[in-house]
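Participant: Predicted model and sequence below, questions to follow.
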Amino acid sequence: MIDDKYIYFLFGVALLVAWLVIYFLRPDMRLKLWRTSALGILAGPLAEFWYLHDYWSPPMFLELGPIAVDDILVGFCITGIGTTIYDLVFRTTMKYGPKRYEIAFVAFFIVGLAGLMFFSRYYDFNSMVVSSVGFLFFAAIMVSLRPDLLSVSLWSGVLTLAVVLPIYVLLFDFIAPNYWQAYNRFGGTAVDITLPGSSIPVLEATWYFTWGVLAGIGYEFAGGRRKAPRTATPAPAADVQA
């Protein structure tokens, strides 16, 4: 039996394997992968400020004061995976062309944090619900400005969930089936719903899908890039990633 304190860390390790698969199979996406994953180092621990308040209180394996290495690892990997999984599966690359929306993207981040604090702390909405709705809201704005990103967004959500769900089933339905019951903070509430035949909360699946919907198009939206079929001949340096 594996001690519960290792479970979330093992989830991070499993995500790291998926991250490395993308890294080695798509050398042309490495810069994008590093850049986006680096943002996840900050986003992972920052998000837990709210999630630990009203969503869950899991034991961590590697804690450094108020920050857990487990959170950093998961944040790093899931951010990179969410932004590049579409490129891997559909064999696409990026080219410059559309308008850049860097300032708008930064504004989305700031407004999102403010909204998370406002609705979860002052109106007592569950932070996972608030963040999932926020992901969809900002993704919808991006797609309204860049309709070409609609299918990329939806597929990124599906593919991100497809990476996470098998890991979750293994960890939380077989290795630690009582994990969520032991460490969630939403038991008995309206959002206390699990996937059919599973111990995994619906909120978890929803969060990863909506995260993929947003993350899958954020890099292209902010940087003025578009998806293009990947060819056998390497694209000119100016057309790849910068």
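Facilitator: Structure's in. What do you need?
Participant: list the buried ones in whichever strand or helix holds V158?
Facilitator: Taking DSSP states H and E as the definition, V158 sits inside helix 150-168. Buried residues in helix 150-168, defined by neighbour count with 16 or more other C-beta atoms under 10 Å: 152-157, 159-161, 163-165, 167-168. C-beta here means a position set from N, CA and C on the backbone, and glycine is covered the same way.
Participant: The element among helices and strands of the chain having the smallest mean pLDDT pairs with which strands, and in what direction?
Facilitator: Least confident helix or strand of the chain, by mean pLDDT, DSSP states H and E, is strand 63-64 with a mean of 73. Sheet pairing of strand 63-64 (DSSP bridges) gives strand 67-68 (antiparallel).
Participant: List the neighbours of the strand it pairs with that are in contact with it.
Facilitator: In this structure, residues lying in contact with strand 67-68 by C-beta atoms under 8 Å, 6 or more residues apart in numbering are 45, 48, 60-62.
Participant: Ok, stretch 72-79 next?
Facilitator: So stretch 72-79 is contacted by 8-9, 11-13, 15-16, 18-19, 36-45, 47, 160, 164, 208, 211, 215 (C-beta under 8 Å, 6+ apart).
Participant: can you check stretch 15-26 too?
Facilitator: With C-beta under 8 Å, 6+ apart as the criterion, stretch 15-26 contacts 29-30, 33, 37, 73-74, 76-78, 80-81, 84-85, 87-88, 163-164, 167.
Participant: sorry, back to before: pull the CA coordinates from the helix holding V158 and hand them back as PDB.
Facilitator: Extracted as PDB, the C-alpha positions of helix 150-168 are listed here (Å, rounded to 0.1, in the frame of the first residue of the first chain):
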ATOM      1  CA  LEU A 150     -12.100  27.200 -31.900                       C
ATOM      2  CA  SER A 151     -11.400  23.600 -32.900                       C
ATOM      3  CA  VAL A 152      -7.900  23.900 -31.400                       C
ATOM      4  CA  SER A 153      -9.400  25.000 -28.100                       C
ATOM      5  CA  LEU A 154     -12.000  22.200 -27.900                       C
ATOM      6  CA  TRP A 155      -9.500  19.500 -29.000                       C
ATOM      7  CA  SER A 156      -6.900  20.700 -26.500                       C
ATOM      8  CA  GLY A 157      -9.500  20.300 -23.800                       C
ATOM      9  CA  VAL A 158     -10.400  16.800 -24.800                       C
ATOM     10  CA  LEU A 159      -6.700  15.800 -25.300                       C
ATOM     11  CA  THR A 160      -5.600  17.300 -21.900                       C
ATOM     12  CA  LEU A 161      -8.300  15.300 -20.200                       C
ATOM     13  CA  ALA A 162      -7.400  12.200 -22.200                       C
ATOM     14  CA  VAL A 163      -3.800  12.500 -20.800                       C
ATOM     15  CA  VAL A 164      -4.900  13.000 -17.200                       C
ATOM     16  CA  LEU A 165      -7.900  10.700 -16.800                       C
ATOM     17  CA  PRO A 166      -6.100   7.300 -17.200                       C
ATOM     18  CA  ILE A 167      -3.500   8.500 -14.600                       C
ATOM     19  CA  TYR A 168      -6.300   9.500 -12.300                       C
END
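Participant: Buried among the contacts of stretch 72-79? Make that a PyMOL selection.
Facilitator: Of those, the buried ones can be selected in PyMOL as follows, counting by 16+ other C-beta under 10 Å:
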select buried, resi 8+9+11+12+15+16+18+19+36+37+39+40+43+44+45+47+160+164+208+211+215
